[in-house]
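1. next input, structure requested:
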Amino acid sequence: MSSSRERTARSFVERHGLWSDEQFEAAANAEKLIEEHGLEVVRLSFPDQHGILRGKTVMANEAAQMMRNGCSITTTLLAKDTAHKTVFPVFTPGGGFGMPEMEGAADFLMIADPTTFRVLPWAARTGWVLCDMYFGKGRPVPFATRQLHRQALAKLADAGFDYRAGLEVEFHIFKLDNPRLQPDDATWPGAAPEVSLLQQGYQYLTETRFDQMEGVLATIRRDIVALGLPLRSIELELGPSQCEFTFHPQMGLEPADSMILFRSAVKQICRRQGYHASFMCLPKVANVMSSGWHLHQSLIDRRSKRNAFAPDDDNELLSSIGRNFLAGLLAHARAAAAFTTPTVNGYKRYRSYSLAPDRAIWGRDNRGVMIRVLGAAKESTKLENRVGEPAANPYLYMASQIVTGLDGIERTLDPGPPADAPYEARAPYLPKSLDEALRALRDDSCLARGFDRSFIDYYLRIKEAEITRYQSEVTEWEQREYFELF
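-> Numbering: from 1, shown residues only. Purely as a prediction, here's the structure:
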């Protein structure tokens, strides 16, 4: 299998200048891996608007040319809500998006980022590569969330900084008792699987509870390490069948790419072993607790390569840049919640006097605040945003942090004093619902500039369609409350 630049001289990638020298080198290495491992297929995947991987599987002998020339896939995938239902009129002029390229359920191209190529440990003779989305004339698809994150990183670089982030992700693993695969279960969306617990919980970080989950956790650990993801620790959480994985910090796009692959990998690995992994914030399983996704982040000065949040004064927690960035996160917290907590379910986590925040406030090493300032040494100074849910699209979550943090730097905002009693502090409350967060997002000019107004309108329409469906459902609460009484 040859792998030369000459072979792809007239490829889509080269005609439109889409790859760097590093990516051409990575593509050649991917071809070698395909041959050396005797791969039979390669999965071409892209992250959709919800942070779900979609794509196609191609034969290994087709992978090289498809990575360079693209694999076509329908634009209707960008029109779907979390039930995978199309909410835009794709057969109207402009396809419901106001863009002729998306009219009539037309195709776009998945173009591989070969630096993300991996051999999947759990799937026999299978490769995987993450793709970006382009129209036929080389224009990036404007609703591609990985591209939006890349644009935010570019603006940050123009300001003199690079982005560094580490992941701390809570989720549940259950024994899969009934996958609900009878024809009557194939509703839209499908019936939820029936599950049972792996351990009863409420013994935080005890070794015996951890050991009850160690079998499946060990399988996940080995495969995640084999993928090359920078796993740091595996921990038992407080709730039944709940655990937490943490990762070493990465730069730029890498932490978002790691999160998107980690979530998908965990679900696939668990399902093959007879388990069900869920990154839903608060599953409707008796006695379980909600899960969060804490994002540890800092900025690196591009000239000095030093941590831009590290204070010069030993008596300070943060540098002036760090304080400004923090203030931007707080100022736009209510609107950014639409990206950090994008599901109806996620807002059930924001409770007073819990280990989750309920208002836009910060503090030093305080687990009740939204933003926790950490750093045993100056160069390790970072902001831990505790507001996110593990179902969030990582590209939108992180891009929202960059956009709002930059606004704080540009306007030299001040975050005010830290909170010692976060659930009693006088500060804006976080939204109580997704609907409230979307209203805040609609009115936020900073995020409209940072993401482009057209994307905000697009995103609002999809999420509002989800809320409409949610509000049309009769819940168990309503049945209990009114059916007998009235």
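2. okay, now the domains of the protein?
-> 6-143, 152-481 (automatic domain parsing).
3. possible to save these as TSV with mean pLDDT?
-> Converted to TSV, the domains of the chain look like this (pLDDT from 0 to 100):
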stretch	mean pLDDT
domain 6-143	94
domain 152-481	95
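4. can you put those in TSV and add mean neighbour count?
-> Glycine gets a C-beta too; all of them are placed from N, C-alpha and C. Shown next, in TSV, are the domains of the chain (neighbours: other CB atoms under 10 Å):
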stretch	mean neighbour count
domain 6-143	18
domain 152-481	19
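5. any chance you could map the strands in the stretch 351-486 of the chain?
-> 362-364, 371-374, 382-388 (DSSP state E, counting those that start in this stretch).
6. next, format those as a markdown table and append distance to residue 33.
-> Listed next are these as a markdown table, based on distance: least, CB to CB, whole Å:
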| stretch | distance to residue 33 |
| --- | --- |
| strand 362-364 | 45 |
| strand 371-374 | 38 |
| strand 382-388 | 34 |
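7. so which of the ones you listed gets nearest residue 28?
-> Of all those, it is strand 382-388 that lies closest to residue 28, at 36.3 Å by CB to CB.
8. which residues sit against the closest one?
-> The contact list for strand 382-388, computed with CB atoms under 8 Å, 6 or more residues apart in numbering, reads 166, 168, 292-298, 309, 322, 325-326, 329, 333, 337, 340-341, 356-357, 367, 369-375, 397, 401, 430.
9. on the three-state scheme, residue 169 is what?
-> strand (DSSP: H, G, I helix; E, B strand; the rest coil).
10. if I look at it, how far off is residue 159?
-> Residue 169 sits 28 Å away from residue 159, going by CB to CB, to the nearest Å.
11. contacting residues for the residue most central in space within the chain?
-> Central residue of the chain (CA atoms, centre = their mean): residue 394, 2.2 Å from the mean position. Residues counted as contacts of residue 394 (CB under 8 Å, 6+ apart) are 51, 255-256, 259-260.
12. distance-wise, check it relative to residue 417.
-> Separation of residue 394 from residue 417 (CB to CB) stands at 31 Å.
13. equivalent analysis for residue 299, please.
-> With the distance defined as CB to CB, residue 299 ends up 22 Å from residue 417.
14. and residue 264, by the same measure?
-> In this view, residue 264 and residue 417 are 41 Å apart by CB to CB.
15. got it, and residue 37?
-> 56 Å.
16. just residue 193 next, same as before
-> On the measure of CB to CB, residue 193 and residue 417 end up 47 Å apart.
17. and what of residue 231?
-> Taken as CB to CB, the span from residue 231 to residue 417 is 37 Å.
18. how about residue 87: what's its closest non-neighbour residue?
-> Excluding its sequence neighbours, the residue lying closest to residue 87 (CB to CB, 6 or more residues apart in numbering) is residue 465, at 4.0 Å.
19. checking residue 165 next. Helix, strand or coil?
-> Reduced to three states by three-state DSSP, residue 165 is strand.
20. skipping adjacent residues, who's closest to it in space?
-> residue 255 (4.1 Å).
21. quick one: secondary structure of the one you found?
-> Counting by three-state DSSP, the backbone at residue 255 sits in helix.
22. which ones are touching it?
-> Residue 255 neighbours (CB under 8 Å, 6+ apart): 165-167, 247, 249, 394, 398.
23. out of those, who's nearest residue 93?
-> residue 394 (33.7 Å).
24. roughly how far does the closest one sit from residue 165?
-> 9 Å.
25. for residue 270, which non-adjacent residue is spatially closest?
-> residue 277 (4.0 Å).
26. would you tell me what helix or strand the one you found is located in?
-> Per DSSP states H and E, residue 277 falls inside strand 275-278.
27. elements contacting that strand?
-> If you count contacts as 3 or more CB pairs under 8 Å, 6 or more residues apart in numbering; DSSP states H and E, strand 275-278 packs onto strand 161-178, helix 254-272.
28. one more pass at 10 Å, please.
-> Here strand 275-278 touches strand 161-178, strand 194-196, helix 207-226, helix 254-272, going by 3 or more CB pairs under 10 Å, 6 or more residues apart in numbering; DSSP states H and E.
29. would you check that residue 189 makes contact with residue 466?
-> No: if you go by CB atoms under 10 Å, residue 189 and residue 466 don't touch, sitting 11.0 Å apart.
30. shared neighbours, those two?
-> 81-83, 85 (CB atoms under 10 Å, 6 or more residues apart in numbering).
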